[in-house]
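Peer 1: pasted the sequence and its predicted model underneath.
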Number of protein chains: 2
Amino acid sequence: MIALRHLRYFIAVAEEGHVTRAALRLGIQQPPLSQQIRAMEAEIGVALLNRLPRGVELTEAGRVFLAEARLAILQVEHAVEAARRTARGEQGRLAVGFTSSAAFHPLIPAVVRAFRQISPQVDLLLEESSTGELIAGLQKGQLDVAFLRVPLGDTAGIRIEALLQEKMLVALPAHHPLVGKRAPKSIALARLADETFILYRRPTGPGLYDTIIAACRAAGFSPRIGQEAPRMLSTLSLVAAGLGVSIIPESMRRLDTEGIAYIPLAGAGGLVAPLHLAWREAHPSGAATRLIAHIRQMVREQ
Amino acid sequence: MIALRHLRYFIAVAEEGHVTRAALRLGIQQPPLSQQIRAMEAEIGVALLNRLPRGVELTEAGRVFLAEARLAILQVEHAVEAARRTARGEQGRLAVGFTSSAAFHPLIPAVVRAFRQISPQVDLLLEESSTGELIAGLQKGQLDVAFLRVPLGDTAGIRIEALLQEKMLVALPAHHPLVGKRAPKSIALARLADETFILYRRPTGPGLYDTIIAACRAAGFSPRIGQEAPRMLSTLSLVAAGLGVSIIPESMRRLDTEGIAYIPLAGAGGLVAPLHLAWREAHPSGAATRLIAHIRQMVREQ
DNA sequence: ATATTCTATATCAAAAAAGTATGCTTATGA
DNA sequence: TCATAAGCATACTTTTTTGATATAGAATAT
């Protein structure tokens, strides 16, 4: 069976035109080199060298084989380098997931843009889905990293790290009495006791939904739920349509401003929207490790 | 140092997702296979596999390496195949030389055309030069095969084989008295005793030139040499210009017919133009062997 | 818990590669 | 032309590498 050693030896002999000199260069003796070359010729079934009184010369087949053998060696080196680059996270593919509400936080496009720039050879696959599906995706290895609001469900084997916490805003229809002529600087949660709430909730489990209800209870009332929107974005549409009020993370202010007044909560007792980063505990890829480190740095510098 | 064995083993493990099963497929035991894979990972410095409770899975680096390793194996196989094809004469380059007078024989273009068709992957390099240079080219390995008329000079290490013999024609100016109104069917050499001869001769030594002079002597006269043309083709131009007569191989009739009458020699005693094939005795290339065999066949069938 | 399924480790045997000594062929130079 | 040197091949030995066997260790599945 042909080995890379055979190719390396042959290339040396071809380049030197001389078995003894090639052996010197390879750091072995001449007889084993002669043997290896002959063994390879026997294996291929073709004479690659003409043995001359002084040195050797390539046959036509030898010339062709030399060129191809060099390519083979290069390809092996390329394979090794590609693996190393991939392990260093400079190459490969990286699947990043995020929940719809996290998608609106400016950190995420900033991270994606920055990572694309520093690791152009990594294919970033971005995928938006629910928290539950993100966690499952991580566990199944379909995702490498995910941004989510509140971790929930079975997070076995998943590392979760808090990145930041956002303040919450009250979203009111623009013509709501509480907004008045000039929107107030802030509003206390208790003043929303009689409002109808529009909240975002996924069937998969608790999330911001429960945090908000708990905060209302703490403020002394039990919120009346008017509607549960299927997607975070629809919540704001319903508020704009005047169907009720909602409480949303600050970063969502960027959206759908038409017809909505955003007012900070006064002394928001524990009512904050966290942003978490999640990744597989076991065997993170080089690119994932790199991305995580980069995210941490961006959060720190922010 | 990485070996092809490592790549083959790794590919098997990657494809099976299972060391034990891959070992079975490779016809070795599981422990050495595990060892070889680990040795290669150590060599590269990168984890290619994640060891799971049941079987193994590829890391991102492993996936990249798998694809590249497959290419490396293919390239090695390609190298071997290319060498074999070259040895069989199906690929490579082949330098064919011929003297100017041989170039006019229809066998040569026919051979070239036929060989191009049956061996399209062989690059044919055609080169016209003098007999002496052809022989030297063969000896130096610059040429693989040569067509020539009369072998001369130092032919050490050269195999020469007679392909065919052509009749000779007398070339006369169209208005020469011997041609008359209707050209005669043939003409005896002795009748040219008083003519001026225009002959082709290269400085390198004897050739057709001497054959012709010897034939004249045998016919009872010593030819008067009017001019020695540097190239076979110029001979005919000089004849057409009325400067004398010449004796040429039959196949040259195809050229420069304007102003020249070609008349066969009556009972041409030994006055024939041979065509020889010459090639290096030592280490003929596959393509050369193939070409030579093909030429012989074409001559036989002709 | 216990069996089962896999990979890892340790030790030994076999095979392959490298080393040493020397032979054989062919050119080179006195 | 004869001796010498250059350079590849062959024969044999030593070392290294690869593979086999036995068994441990980890983890899931029953």
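Peer 2: Yep, it's here. Numbers count the residues shown, from 1 in each chain, chains lettered A, B, ... in the order given.
Peer 1: when you work out contacts or count neighbours from here on, use the C-alpha atoms and nothing else.
Peer 2: Will do.
Peer 1: just the pLDDT at A:Leu202, thanks.
Peer 2: Just to correct that, residue A:202 is Arg rather than Leu. Looking at A:Arg202, its pLDDT reads 56.
Peer 1: return the residues of the stretch 51-200 of chain A in contact with DNA strand D.
Peer 2: Residues of the stretch 51-200 of chain A found near DNA strand D (C-alpha under 7 Å from any atom of the strand) are A:Arg51, A:Leu52, A:Pro53, A:Arg54, A:Gly55, A:Val56.
Peer 1: ok, the residues you listed vs DNA strand C, which is closest?
Peer 2: The shortest approach to DNA strand C among these belongs to A:Pro53, at 4.4 Å (C-alpha to the nearest atom of the strand).
Peer 1: helix/strand/coil for that closest one?
Peer 2: Look at A:Pro53: counting by DSSP: H, G, I helix; E, B strand; the rest coil, its state is coil.
Peer 1: quick one: it from B:Ile135, how far?
Peer 2: Per C-alpha to C-alpha, to the nearest Å, A:Pro53 is found 21 Å from B:Ile135.
Peer 1: higher neighbour count, the two?
Peer 2: Neighbours around A:Pro53 and B:Ile135, counted as other C-alpha atoms under 10 Å in any protein chain shown, are more numerous at B:Ile135. The numbers are 30 against 6.
Peer 1: OK, contacts around that one?
Peer 2: With contacts defined as C-alpha atoms under 8 Å, 6 or more residues apart in numbering or on different chains, B:Ile135 is in contact with B:Ala146, B:Asp154, B:Thr155, B:Ile158, B:Ala278.
Peer 1: pick out the residue in chain A sitting closest to DNA strand C.
Peer 2: For chain A, C-alpha to the nearest atom of the strand, closest residue to DNA strand C: A:Ile28, 3.2 Å.
Peer 1: which pLDDT does the model give that residue?
Peer 2: Listed pLDDT for A:Ile28 reads 94.
Peer 1: count the residues that sit near it.
Peer 2: For A:Ile28, the count of nearby residues is 12 (other C-alpha under 10 Å).
Peer 1: longest helix in chain A, please.
Peer 2: For chain A, the helix with the greatest residue count under DSSP state H is helix A:60-87.
Peer 1: give me the pLDDT value at the closest residue to DNA strand D within chain A.
Peer 2: Residue nearest to DNA strand D within chain A: A:Gly55 (3.1 Å; C-alpha to the nearest atom of the strand). Note on A:Gly55: pLDDT of 87.
Peer 1: neighbours of the residue in the stretch 201-302 of chain A positioned nearest to chain B, how many?
Peer 2: Closest residue of the stretch 201-302 of chain A to chain B, C-alpha to the nearest C-alpha: A:Ser285 (6.1 Å). Residues lying near A:Ser285 (other C-alpha under 10 Å) number 22.
Peer 1: from what I can see it touches B:Thr59, true?
Peer 2: Yes - counting by C-alpha atoms under 8 Å, B:Thr59 is a contact partner of A:Ser285 at 7.0 Å.
Peer 1: for the stretch 51-200 of chain A, which residues are neighbours of DNA strand C?
Peer 2: A:Pro53, A:Arg54.
Peer 1: let's see 6 Å
Peer 2: For the stretch 51-200 of chain A, the residues in contact with DNA strand C (C-alpha under 6 Å from any atom of the strand) are A:Pro53.
Peer 1: circling back to that earlier point, what subset of the residues of the stretch 51-200 of chain A next to DNA strand D is buried?
Peer 2: A:Arg51, A:Val56 (16 or more other C-alpha atoms under 10 Å in any protein chain shown).
Peer 1: which residue is nearest the centroid of chain A?
Peer 2: A:Val96 (3.6 Å; C-alpha atoms, centre = their mean).
Peer 1: pLDDT weak spots in the stretch 151-300 of chain A?
Peer 2: For the stretch 151-300 of chain A, the stretches flagged by pLDDT under 70 are A:202-206, A:256, A:268-269.
Peer 1: just the helices in it please.
Peer 2: Using DSSP state H, counting those that start in this stretch, the helices of the stretch 151-300 of chain A run over A:208-218, A:232-240, A:286-301.
Peer 1: how about those helices, which one is nearest A:Ala82?
Peer 2: Evaluated over these, closeness to A:Ala82 peaks at helix A:286-301, with 12.2 Å, by C-alpha to C-alpha.
Peer 1: other SSEs contacting that closest one?
Peer 2: If you count contacts as 3 or more C-alpha pairs under 8 Å, 6 or more residues apart in numbering or on different chains; DSSP states H and E, helix A:286-301 packs onto helix A:60-87, strand A:92-98, helix A:107-118, strand A:158-173.
Peer 1: helix or strand right after the second one?
Peer 2: To tie it back to what came earlier, the one meant is strand A:92-98. Scanning forward in sequence from strand A:92-98 by DSSP states H and E, the next helix or strand is helix A:100-103.
Peer 1: now do that next one, average pLDDT.
Peer 2: Per-residue pLDDT values over helix A:100-103 give a mean of 84.
Peer 1: distance of the most far-flung residue of chain A relative to its centre relative to A:Gly17?
Peer 2: In chain A, the greatest distance from the average C-alpha position (C-alpha atoms, centre = their mean) is reached by A:Pro53, at 63.1 Å. From A:Pro53 across to A:Gly17, the span is 12 Å (C-alpha to C-alpha).
Peer 1: is chain B within reach of stretch A:27-42?
Peer 2: No - counting by C-alpha under 8 Å from any C-alpha of the partner chain, chain B is not contacted by stretch A:27-42; separation bottoms out at 9.9 Å.
Peer 1: now swap in stretch A:96-106 and tell me
Peer 2: No - judged by C-alpha under 8 Å from any C-alpha, stretch A:96-106 stays clear of chain B, getting no closer than 14.6 Å.
Peer 1: contact partners of that stretch?
Peer 2: With C-alpha under 8 Å, 6+ apart as the criterion, stretch A:96-106 contacts A:108-109, A:124-131, A:134, A:143-149, A:231-232, A:251-252, A:254, A:275.
Peer 1: of the residues you listed, which belong to strands?
Peer 2: Counting by DSSP state E, the part of those found in strands is A:Leu124, A:Leu125, A:Leu126, A:Glu127, A:Glu128, A:Val145, A:Ala146, A:Phe147, A:Leu148, A:Leu275.
Peer 1: mind listing the residues bridging to the fifth one?
Peer 2: What that stands for is A:Glu128. Under the criterion DSSP bridges, A:Glu128 forms beta bridges with A:Phe98.
Peer 1: for it, give me its contacts.
Peer 2: So A:Glu128 contacts A:Gly97, A:Phe98, A:Thr99, A:Ser100, A:Ala103 (C-alpha under 8 Å, 6+ apart).
Peer 1: what's the burial count for the last one?
Peer 2: Burial measure for A:Ala103: 17 neighbouring residues, criterion other C-alpha under 10 Å.
Peer 1: ok, the first one next?
Peer 2: Taking other C-alpha under 10 Å as the criterion, the count of residues near A:Gly97 is 30.
Peer 1: one step back: pick the most buried one from the helices of the stretch 151-300 of chain A.
Peer 2: Highest mean neighbour count among the helices of the stretch 151-300 of chain A (mean count of other C-alpha atoms under 10 Å in any protein chain shown): helix A:232-240, with a mean of 21.
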